[in-house]
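Enquirer: Kindly generate the corresponding structure for this input.
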Amino acid sequence: MKGGSEELSRELDGRISAFEVKDCDLAGRTGALKVGSREVMTPALMPVVNPNLLEKGYPLTPFRLKEEFGFDIMITNSYMIRKNPDLSSRALELGLHRLLDFDGIIMTDSGTFQSYVYGGGGKNEVDVDPLEIVEFQRNIGSDIGTILDRFTTPDTDRQRADSDLRETMSRGSLSLEKKGQMELAVPVQGGLHLDLREEAGRLVREMGVRYSPIGGVVPLMESYRYAELVDVIISAKKGLGPSIPAHLFGAGHPMFIPLAVALGCDLFDSASYAKFAKDGRYLTMDRTRHLREMESFPCSCRTCSRMEPKEMLELPPLEREALLAEHNLWSLRAVMGEVRSAIREGTLWELVERSASFHPSLYEAVRHLGDRADFLEDNAPATTRRFMCSDLNLGICRPEFRRYRRSLCKNYRYPDADEMVLVKGTSGLRGTVGSRKLHSSFGRGSWVVVTTPIGPVPSELLDMYPPGQSVLPPIDSLPGEIRNEVENHVKAFSEGWAGPVRSADADSLSDDAVEKAPSGLDLHRIINVSRMQFGRETDLEIDRVLLGEYSDLSLLKERVVLRTSRRTGKVRNVLAVDGDKEEHILSLRAEDGHFTLKLAGGARLHHAGWPYRVTVDSETGEYNAMGYNVFCRFVLSAGECIRPGDEVLVVDPSGSLLAVGQARITGRHMVEGDSGVAVKVREGIKGK
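Expert: The predicted structure follows:
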């Protein structure tokens, strides 16, 4: 290797990157990004380290960033290192990790941002050749290098943006030939021209690039143009696809990070911790405050717990700056931990709502998601096990609410009843007890539908996610615009019913809940839960596929055995009767009211051509048939309709059923990804 030591050559030899998704919520995910032997858990923030400041004795060294603050990834500027003769020669001799004393992943920038700041916009004004800077990053041992792309500002006209995009892609293609074992980042540019952003992402993916920043967005963040930034991120992610880690360049303020993660951004970089500290500014989740305006610290990090603002102001300038920078880093570290926890718990939307309240432009950006809700709906998990609380001004955009209403409109089977009774919902009507209370109040011939802020909820679906897991305000308390929208959903649903409709108030309900479900209620539940859950994106009569042909509930009752919980009386298992044979086809989960698909049920869906299937290669399929999980690298194809948490079929190339299980990621990610679990197999045809 040119200019590199033998030790550095051995370190880089055989370097392979991988990105494995662990948990999903909205379009966000936690994951493990591996580069060689080093790994970082995402979403992650990488502090920006100025190599020139380190030379001057800046106290927040890379070693401290990892050992004290727990940052396993950082970013520094290779252009600055190259311009400094002493730094450049030492970097080539020692390698970047030894030079900076950092045993984590090091990403290097190329000078593109300097060309924007000092060179008048999109032109490349830095005095370096695009291929030479890639070779330099490779030779000093960068884990993730970056090409010298064309920075395209938001106000760039389409012709110029398109020209910059073509130049960036050309440089990316040539740079890949020079990168050696180094991972190479090719940014997505395109300004505010969303079709160019999506095209750029697609071109980056087709190059075989495995790491991509979304560039040219700092001007949007500096001017609080968050709604436009939402559009840029979504368009870039559509092109990049789910398998490539997306890095939002320059997005280092805590209040925007939850929304960016919800849109699918995995990595961020921040120089703000140091810049704010230099200006005497104290970083919090919602804003920055000037130190001289503070009487006490609202934080209990290691820095803030040692002194008060007045004491910090009395310190020498450099010492004060370093301590402020330390606090700012703790704030950034805390928000990344909160985001990761929210994804694992399924509460990312609630975190987005809280952060939206910090700035009017951010609030409007979350409202703007309603216009781009299909993107979130395509990526959000099928269910979550957490209760949901929403500001309905924002929560009306939640993908699970939209998905529920669409599935209700398309898949719900109206029962045979004398009348529909519309009851305004309250939290006391949730779940099986609520269903029984409703039916005991109105009698056998009544079909009861609860009207809620997310739309109409037939009583047999009160346990089902999302209405059964949502804490929502009364309809009358909603703003007029949202209330009108809800009433339109109820009206449209009622128009599909041929019988009489009357309204009732919750106050008129009986206080006596019956001990057992009314006749037919549990049968209606398994019919419509199965249709709502398994009938999405299909035209199949799912209830008849799973339960067999029936003309009325009395005939269906002869074909189905329902096993209920001794303690609660709730349905737990569904068995289909075929002569003297009983097949366990479904189990009803208590936590979200959705079905777990058993192998016998999967066989029925498979025979009907159900599209929620994942095709694996023949060799590894043998292991899946024995009950072992499906990994992305062995997936040949997968239904585009598959979302995380969906029940799926695993089949071999000939289409034969091998197993049933639960999707861990989207179908698209299964096909495009090369690392991690795609399907958690529950049952294989050969057992385990």
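Enquirer: Residue 69: what's it in contact with?
Expert: By Cβ atoms under 8 Å, 6 or more residues apart in numbering, the contact list for residue 69 reads 329-330, 333. From N, CA and C alone the C-beta is placed, and that goes for glycine too.
Enquirer: got it, and residue 593?
Expert: 461, 463-465, 468, 529.
Enquirer: do the same with residue 500
Expert: Contacts of residue 500 (Cβ under 8 Å, 6+ apart): 418-420.
Enquirer: Torsion angles phi and psi at it?
Expert: Main-chain dihedrals, residue 500, degrees, to the nearest 10: phi -70, psi 150.
Enquirer: Distance check, it against residue 346.
Expert: For residue 500, the distance to residue 346 equals 40 Å [Cβ to Cβ, to the nearest Å].
Enquirer: same thing with residue 97?
Expert: Distance from residue 97 to residue 346, by Cβ to Cβ: 37 Å.
Enquirer: The two: which has the busier surroundings?
Expert: Neighbours were counted for residue 97 and for residue 346 using other Cβ atoms under 10 Å; residue 346 has more, 24 against 20.
Enquirer: circling back to that earlier point, tell me which of the contacts of residue 593 is nearest to residue 282?
Expert: If you rank those by distance to residue 282 using Cβ to Cβ, residue 465 comes first, at 40.9 Å.
Enquirer: thought the closest one was touching residue 594?
Expert: Yes: judged on Cβ atoms under 8 Å, residue 465 makes contact with residue 594 at a distance of 6.1 Å.
Enquirer: Common neighbours of the two, please.
Expert: With Cβ under 8 Å, 6+ apart as the test, residue 465 and residue 594 both reach residue 383.
Enquirer: still on that earlier bit, switch the contacts of residue 500 over to a markdown table; also include pLDDT and neighbour count.
Expert: Output for those, formatted as a markdown table (pLDDT from 0 to 100; neighbours: other Cβ atoms under 10 Å):
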| residue | pLDDT | neighbour count |
| --- | --- | --- |
| 418 | 85 | 11 |
| 419 | 87 | 15 |
| 420 | 89 | 22 |
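Enquirer: Looking at these, which are in strands?
Expert: 419-420 (DSSP state E).
Enquirer: Run through the helices of the stretch 401-550 of the chain in chain order.
Expert: 431-442, 480-495, 521-534, 542-547 (DSSP state H, counting those that start in this stretch).
Enquirer: who touches the third one?
Expert: What that stands for is helix 521-534. For helix 521-534, using Cβ under 8 Å, 6+ apart, the contacting residues are 382, 404, 407-408, 411-413, 415, 435-436, 439, 458-461, 463-464, 540, 542-543, 546-547, 553, 556-557, 560, 562, 564, 571, 574, 586, 588, 593-595, 597, 605, 610, 612, 647.
Enquirer: Show me how far the helix or strand hosting residue 132 is from its chain's centre.
Expert: Assessed by DSSP states H and E, residue 132 sits inside helix 130-139. Remark: helix 130-139 is offset 33 Å from the chain centroid, using Cα atoms, centre = their mean, to the nearest Å.
Enquirer: okay, now the domains of this structure?
Expert: The record assigns the chain these domain ranges, following automatic domain parsing: 6-365, 382-556, 611-684.
Enquirer: quick one on the thing from earlier: among the helices of the stretch 401-550 of the chain, which is nearest residue 192?
Expert: Taking the helices of the stretch 401-550 of the chain one by one with Cβ to Cβ, helix 480-495 is closest: 27.8 Å.
Enquirer: what helices or strands is the closest one leaning on?
Expert: helix 399-411, strand 419-424, strand 446-452, strand 455-458 (3 or more Cβ pairs under 8 Å, 6 or more residues apart in numbering; DSSP states H and E).
Enquirer: which residues touch the nearest residue to residue 483 once chain neighbours are set aside?
Expert: Residue nearest to residue 483 in three dimensions, not counting chain neighbours: residue 475, with 6.1 Å by Cβ to Cβ, 6 or more residues apart in numbering. Residue 475 makes contacts with 424-425, 451-453, 483, 486, as judged by Cβ under 8 Å, 6+ apart.
Enquirer: Show me which pair in those is furthest apart.
Expert: 425 and 483 (13.3 Å).
Enquirer: hmm, back to that, highest neighbour count among the contacts of residue 475?
Expert: Top of these by neighbour count (other Cβ under 10 Å): residue 452, with 26 neighbours.
Enquirer: these two touch, right, that one and residue 471?
Expert: No: assessed by Cβ under 8 Å, residue 452 is found out of contact with residue 471, at 10.9 Å.
Enquirer: so how far does stretch 668-679 reach from one end to the other?
Expert: Start-to-end span of stretch 668-679 (Cα to Cα, to the nearest Å) is 13 Å.
Enquirer: where are the low-confidence patches of the stretch 451-600 of the chain?
Expert: 506-519 (pLDDT under 70).
Enquirer: run the last query once more with 50
Expert: By pLDDT under 50, the low-scoring segments of the stretch 451-600 of the chain are 513-515, 517.
Enquirer: With the stretch 101-250 of the chain instead?
Expert: In the stretch 101-250 of the chain, residues with pLDDT under 50: 120-124.
Enquirer: That one: helices as residue ranges?
Expert: 112-119, 130-139, 158-176, 194-206, 218-222, 226-240.
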